[in-house]
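S.K.: A structural model of the following input is requested.
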Amino acid sequence: MAFDALPFGARPDLAAAMRRDWSRLARSGTWWSGEERTAIAAVARAAQSGNETSPTELSAAAVAATQRLAVAPASTTREMVAGQPQDGLDHPHYVELAGVVSRLAAIDAFHRALGIQLAPLPPPRPGEPTLEPPPRQPAPGRGFVPMVGGASIVGALSLVPEEMAAQRDLHGPLYLSYEDMGQFDYQGGLHRTQMELVAARTSALNECFY
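M.R.: Numbering: from 1, shown residues only. Alright, predicted model coming up:
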């Protein structure tokens with residue numbers, strides 16, 4: 001990620017967080033291998049740019065879910081999320097896929113906003129998924145997938161703790177740390193009220209349906 005070439009630079013913490021996520025993308029996760037995770041990212045990028053998806057080893061259900069999350073997340077329904085375990089896309093696989101697509105969208109949007117080329121996807125690293133279940137029993141609720149600790153935007157990925165940790169790692173530099181979200185007089189590059197105005201407008205343009 002060539003942030004050093006920008007005439008105005010990029011905050012070191014933000015650049016570091018994005019590089020960490022790029023490294024994380026290439027590694028095997030909990031339910032998907034590094035090769036599958038980078039393939040998911042490639043499908044998401046193709047969908048966002050309107051290009052045809054290149055041949056992939058991903059299942060048709062995984063490709064369809066990736067494309068929908070990349071370009072039309074508001075069209076997702078509970079029935080869509082719940083109805084694909086026979087295609088290898090059960091809830092844990094879906095949650096990890098959603099984590100990969102959503103963080104990719106955030107990082108790519110940052111690049112587009114700065115008018116710089118998207119970072120090339122990293123080469124996948126060898127290794128097998130850990131298949132590690134969450135430490136606490138998830139429960140169904142108002143969300144489309146089971147969650148640990150109840151339905152919330154913070155816990156949306158709690159079925160796959162590694163993805164929840166990755167989301168938290170990027171959330172702070174891009175917006176606010178979870179600890180700072182309760183500070184309504186927060187002052188960073190912008191005042192909290194200015195940040196929320198930008199966030200609300202962005203959410204509206206992106207058709208956020210949370």
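
S.K.: quick check: buried residues in the longest helix that the chain contains?
M.R.: Criterion DSSP state H: the longest helix present in the chain is helix 91-114. Under the neighbour-count criterion of 16 or more other C-beta atoms under 10 Å, helix 91-114 has 91-108, 110-111 buried. In short, each C-beta sits where N, CA and C put it, glycine included.

S.K.: quick one: the helices in this protein?
M.R.: 12-26, 34-49, 60-71, 78-82, 91-114, 161-174, 192-205.

S.K.: Arg136 is in contact with Met147, correct?
M.R.: No. Met147 lies out of contact with Arg136 (C-beta atoms under 8 Å); the separation is 10.2 Å.

S.K.: between those two, which has more neighbouring residues?
M.R.: With neighbours defined as other C-beta atoms under 10 Å, Met147 and Arg136 compare such that Met147 has more, 24 against 10.

S.K.: who's in contact with that one?
M.R.: Applying C-beta atoms under 8 Å, 6 or more residues apart in numbering, we find Met147 in contact with 138-139, 141, 155-156, 158-159.

S.K.: specify the beta-bridge partners of it.
M.R.: Ala139 (DSSP bridges).

S.K.: please report how far it lies from Ser177.
M.R.: 21 Å (C-beta to C-beta, to the nearest Å).

S.K.: same thing with Ser49?
M.R.: With C-beta to C-beta as the criterion, Ser49 and Ser177 are 32 Å apart.

S.K.: Tyr186 too?
M.R.: For Tyr186, the distance to Ser177 - C-beta to C-beta - is 10 Å.

S.K.: ok, those two, which is more surrounded?
M.R.: Tyr186 (16 against 13).

S.K.: how many other residues sit next to the residue nearest to the more buried one when sequence neighbours are not counted?
M.R.: Using C-beta to C-beta, 6 or more residues apart in numbering and skipping residues adjacent in sequence, the residue nearest Tyr186 is Arg192, 4.3 Å away. Arg192 has 16 neighbouring residues, counting by other C-beta under 10 Å.

S.K.: Thr202 too?
M.R.: 11.

S.K.: could you do Pro161 as well?
M.R.: Neighbour tally, Pro161, other C-beta under 10 Å: 16.

S.K.: hmm, it is touching Pro135, no?
M.R.: Yes. Pro161 is within contact range of Pro135, at 7.0 Å (criterion: C-beta under 8 Å).

S.K.: mean pLDDT for the helices of the chain - can I get that in JSON lines?
M.R.: As requested, the helices of the chain are exported to JSON lines (pLDDT from 0 to 100):
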{"stretch": "helix 12-26", "mean pLDDT": "93"}
{"stretch": "helix 34-49", "mean pLDDT": "96"}
{"stretch": "helix 60-71", "mean pLDDT": "94"}
{"stretch": "helix 78-82", "mean pLDDT": "88"}
{"stretch": "helix 91-114", "mean pLDDT": "94"}
{"stretch": "helix 161-174", "mean pLDDT": "94"}
{"stretch": "helix 192-205", "mean pLDDT": "89"}
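
S.K.: closest one to Pro122 among those helices?
M.R.: With C-beta to C-beta as the criterion, Pro122 lies closest to helix 12-26 of those, at 4.0 Å.

S.K.: for that closest one, packing partners?
M.R.: Counting by 3 or more C-beta pairs under 8 Å, 6 or more residues apart in numbering; DSSP states H and E, the packing neighbours recorded for helix 12-26 are helix 34-49, helix 91-114, helix 161-174.

S.K.: thank you kindly, that will do.
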